[in-house]
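> Show me the folded form of this:
(chains A and B)
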Amino acid sequence: MLRVCWKGARAAARQCVCAKVTGQPLQHCRRYTTAGESGSTAGKIVAASLLTVGGGVSGTILYAKWDPKFRANVEKSIPYSDQLFEMALGPPPPPLVPLQKKPAKLEPLQISSLSEASKESKQPKAKAKKSDPAPLAAVEEAPAPPAPKTFEEECKECSHPEPVLKERSADEVTARLAQQDKAEHDALMALTAGLEETLGSTAKVTLQSIGAQEVALTAIAAHTNKIKEAMDSQTPPDKKSSQWRELNEAMSERTRAVDEAGEALLKAKEELEKLRSVINYAKGSKIHAARPQILAAEENLHNMIVDLDAVVTKVQNAQTEATIVSQYSELVNEAKVQFQKELASITPEIQANWKGLTGKLSADDLNALIAHAHRRIDQLNRELAEQRVREQIHIETALEQQKLENKKAVERAVISALEHSHEDMRLEQEKKMEEVREVMEAEMRTQLRRQAAAHTDHLRDVLKVQEQELREEALEILNSKVMEQETRYRRLTQEQLDTFTLDMNSAYARLKGIEEAIDSHVIAEQEARKAHHLWLSVEALNYTLRSAGADSPTEPLDGAVCAIKERCAENEFAQALAGAIPDESLSRGIYSEASLRARFYDIRRLARRVALIDETRNSLYQYFLSYLQAVLLFEREQEAPPTKLRPEDLHTFKLLAYATYSIERGDLELAAKFVNQLRGESRRVAQDWLKEARLTLETKQVISLLSAYANATGLGTTQAP
Amino acid sequence: MSEKELGQKWDRCLADCAVKIGTGLGVGIVFSVVFFKRRTLPITFCTGLGLGMAYSNCQNDFKSHYVLHSTIAK
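Numbers count the residues shown, from 1 in each chain, chains lettered A, B, ... in the order given. Below is the predicted model of the structure:
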């Protein structure tokens, strides 16, 4: 679809462009129309493309808003899209922070807190982190600090992966463990001592109070019995006073006993409270080993409380009975007093103890007494009848009262029994928990022991391996050091040897040098003499050279050369040189340079004339032409030769010009070289001259060498081999 | 002396030329007188003959150095 749009746009653009480019004056109106048409289609296409682009961008933005990952991808791949997104959607959402840090943070806190002080650690995670079996997890609600503490320490020893903490050293750990154990032990000791002390004191006090209560009980019982006895009117009167006295004593005894019992009870209650508080404190201190003692103390406490309560209820029952009996006695006393009062009112003369006054009474008194007695009896009978009538109601009310009191008592008893049973159950539960805990502790200890054993085994193996490696390393190092020392020693000895040899060599060389110098001096002198001879001979040779005439050669050089050869028979160089002189010069002699120069001009003329003649052109006609050329060609007679010859210089006339120049300057060698370049007939013509020139040059060269050599040796700067 | 060679050749050539032309002339005259009724033809002819021979000789002499001599290898 994009390509279609693109093609359409391109076609439209081309049309527009073509229309513009090919706009000619005749096609004005057509151009306008075509432009208009193409303009509308172009406009449509532009609008469509804009719409597409806008739709694409908005779609991208919307999707990026919904999916942050897509947004991130687009921002990564397209350069300035992040700015666009920020403008449109706001800043990108923050990346998800992992929630793994919290538990890890929590645990080091726990561990540090545990290891620092024996504070309570309630987090189950600390325990869940341990690789313990399930039973320990069951005892979670009452955590035992020493167990997790020791386990944490052992965990550290077992190199449990804990990234936040670093492992303490073994010494530190054992010290801390020992310290903790000692602290625990001390606390335990203190706690048990405290517990026992309080327990003992409480037991003593409780027993005391129980004893007091029982004493009170007996006192109350005695008192009640006494009262009952006193109620009985069977005893003779003189015994009555003793009875009453006894009763009073018993009463006082009872009150005292009751007071004592009450005090003892208070004290016992105080002690019990103290014991309870100590037990709670012991519970709060969370020392595991004290638990059974705590439990036992609690049991004891409970028992004491129960006993105390039982005794107290007994005492209370006795007391109620006693009150009933006392009430009854009071009633009776009251009735007696009433009766006596009545009697006294009727018979004022009669004092107390009317039973002994039967003989003293008059008939009136008696009648009055009897009438009073009858009246009293009537009254009592009436009261009795009334009572009988009201009996039921009274009984009912009494029953009601009794029921209420019973109910209350039952409630109280039920409550106390519930409490006791509740306490019993709790104690049982605690005991059971203790047992289970013991079992679990034992199991955990075995597991820990196993782990410790495995750890020690592993450590042993690792240590063995390490020892091996270290030993090998040490041996290697030793070997390398020894080798180093050895090489160093060898090098040093070698150096010493070398220096010594060097010195010896140098000394020897110097000696040799000195000897040679002396020899060479001798030799040099000899050579000098020889050189002198040679020089003289060479001079002779040079002199013979000068004997050349204008056109005739020199004398044959044979004589001089022989002389040289004779004189310098042992001088190889001179011999060689003397031998190098060509025979022709020896036998015939050589021409001088001047004669050669003169001869050269003839050669030159001739060579010019036969310049055209060579193998191919050698007819007479060519000769004629050549002669004509020589006559007609004008050129410089002498021309300085260039340092480098070009091929076009190698024709006869040029060469002859160079040769002439050279020979005029005295350079026969160069002239000979140029003449040597002649070809054809010119060369043939110059052949003899060339030969002579060569001969002369050779001989001259040898002689110059000889003279140079003679001079050199004469100067003594060169050594003969 | 190689430079003298050319001169010598020329000398020879000229001498030869003179001889040959003279001889030709003489023979021509003789022939013309004896056999050809004093016509100039034989004179010129024989002179020319002589000249030609001289020329040829001269040329051969000059070329003599450059001519390749072949031998039949047995």
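> Find the closest residue to chain A in chain B.
The nearest approach of chain B to chain A comes at residue B:2, 3.9 Å away (Cβ to the nearest Cβ). Just so you know, the C-beta spots here come from the backbone N, C-alpha and C atoms, and that holds for glycine as well.
> what sits against that residue?
A:684, A:685, A:686, A:687, A:688, A:689 (Cβ atoms under 8 Å, 6 or more residues apart in numbering or on different chains).
> wait, the second one sits on residue B:3?
So the one you mean is residue A:685. Yes: counting by Cβ atoms under 8 Å, residue A:685 touches residue B:3, with 5.3 Å between them.
> Which one's more surrounded, these two?
Comparing residue A:685 with residue B:3 by other Cβ atoms under 10 Å in any protein chain shown, the one with more neighbours is residue A:685, at 29 against 20.
> just wondering, since we're on the more buried one, how far is it from residue A:663?
16 Å (Cβ to Cβ, to the nearest Å).
> which stretches of the stretch 101-250 of chain A form strands?
Under the criterion DSSP state E, counting those that start in this stretch, the stretch 101-250 of chain A carries no strands.
> Same check on chain A?
In order along the chain, chain A carries no strands (DSSP state E).
> for chain B, what are the nearby residues on it?
Taking Cβ under 8 Å from any Cβ of the partner chain as the contact definition, chain A meets chain B at A:599, A:602-603, A:606, A:610, A:613-615, A:618-620, A:623, A:681, A:684-689.
> how close does the residue in the stretch 301-450 of chain A that chain B sits nearest to get to residue A:174?
Minimum separation of the stretch 301-450 of chain A from chain B (Cβ to the nearest Cβ) falls at residue A:450, amounting to 120.9 Å. Applying Cβ to Cβ, the value for residue A:450 to residue A:174 is 20 Å.
> max-length helix in the chain?
As the question left the chain open, I've gone with chain A. Ranked by residue count, the top helix of chain A under DSSP state H comes out as helix A:363-545.
> looking at chain B here, not the other one
For chain B, the helix with the greatest residue count under DSSP H is helix B:2-34.
> ok, residues contacting the helix or strand just after that one?
Going down the chain from helix B:2-34, the next helix or strand is helix B:41-63, by DSSP states H and E. Applying Cβ under 8 Å, 6+ apart, the contact partners of helix B:41-63 are A:613, A:618-620, A:623, B:9, B:12-13, B:16-25, B:27-29, B:31-32, B:35-36.
> pLDDT weak spots in chain B?
For chain B, applying pLDDT under 70 flags no range at all.
> Would you quantify the distance from the spatially most central residue of it to residue B:41?
Centroid-nearest residue in chain B, with Cα atoms, centre = their mean: residue B:54, separated by 1.5 Å. Remark: distance between residue B:54 and residue B:41 (Cβ to Cβ) = 20 Å.
> ditto for residue A:512
For residue A:512, the distance to residue B:41 - Cβ to Cβ - is 104 Å.
> And for residue A:544?
Residue A:544 is 69 Å from residue B:41, where distance means Cβ to Cβ.
> State the pLDDT value of the nearest residue to residue A:699 once chain neighbours are set aside.
Leaving aside its chain neighbours, residue A:699 sits nearest to residue A:585 (4.3 Å; criterion: Cβ to Cβ, 6 or more residues apart in numbering or on different chains). In this prediction, residue A:585 carries a pLDDT score of 81.
> can you check residue A:37 too?
pLDDT recorded at residue A:37 is 63.
> Could you do residue A:632 as well?
As predicted, residue A:632 sits at a pLDDT of 94.
> Can you get me a residue count around the residue nearest to residue A:586 when sequence neighbours are not counted?
Among residues not flanking residue A:586 along the chain, residue A:558 sits closest, at 4.4 Å (Cβ to Cβ, 6+ apart). The burial count assigned to residue A:558 is 16, neighbours taken as other Cβ under 10 Å.
> any idea how far residue A:182 is from residue A:558?
Residue A:558 is 135 Å from residue A:182, by Cβ to Cβ.
> And for residue A:468?
On the measure of Cβ to Cβ, residue A:468 and residue A:182 end up 40 Å apart.
> picking up where we left off before, kindly write the PyMOL command that selects the buried subset of the residues of chain A next to chain B.
Buried residues within the residues of chain A next to chain B, by 16 or more other Cβ atoms under 10 Å in any protein chain shown, are selected in PyMOL with:
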select buried, chain A and resi 599+602+603+606+610+613+614+618+620+623+681+684+685+686+687+688+689
